[in-house]
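Q: sharing a model prediction with you, sequence too.
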Amino acid sequence: MPNDAPPSITRINPPELGTPPGYSQIVDVSAGRLVFIAGQTALDRDGKIVGKNDFASQAEQVFENLGIALRASGCSAAHLVKLTVFLTDMDNLGRYREARNRFFASVTPPAAPAVTLVEVSRLYGPDFLIEVEAIAAA
């Protein structure tokens, strides 16, 4: 049975943990449903990689795909409560943040989900440089 009440999403950054750039230490959620979005990579609608060897292009495609997944479930970036980000090279952290910030600038107020970001030796496709999975509350 659908719940028409909007989710209550409270982002908390206790002073003892500091205020991180672009994400929240704690996201307290009371929602009618949770939406789990599989890891998004830099594939286009035809299954072809976008931006081979180009991290910035791949990051843009990943966030475009995340937006498509959110809209398909009736959500937007404002509904995101958790991201798990996988990078094959932590030297791309700045470019990841630029793409993330553009994506979250699309909603008001800007969303700041809890985030875990890790460097991995490889992703499922040999040409993938980034993958992002997400949880949204609706």
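A: Received, thanks.
Q: please make it C-alpha for all contacts and neighbour counts, starting now.
A: Fine.
Q: okay, which residue is most central for this protein?
A: With distances taken as CA atoms, centre = their mean, the residue of the chain nearest its centroid is Leu83 (4.6 Å).
Q: need the pLDDT of that residue.
A: Per-residue pLDDT puts Leu83 at 97.
Q: what of Asn3?
A: As predicted, Asn3 sits at a pLDDT of 50.
Q: now swap in Arg100 and tell me
A: Here the pLDDT value assigned to Arg100 is 95.
Q: pretty sure it contacts Val62?
A: No - the criterion here is CA atoms under 8 Å, and Arg100 misses it with Val62 at 9.7 Å.
Q: neighbour-wise, which of those two wins?
A: For Arg100 versus Val62, the count of surrounding residues by other CA atoms under 10 Å is larger for Val62: 25 against 16.
Q: the more buried one belongs to a helix?
A: Yes - the assignment for Val62 by DSSP: H, G, I helix; E, B strand; the rest coil puts it in a helix.
Q: wait, isn't it in contact with Phe128?
A: No - under the criterion of CA under 8 Å, Val62 makes no contact with Phe128, lying 10.3 Å away.
Q: for the two, list the residues in contact with both.
A: Common contacts of Val62 and Phe128 (CA atoms under 8 Å, 6 or more residues apart in numbering): Thr41, Ala42.
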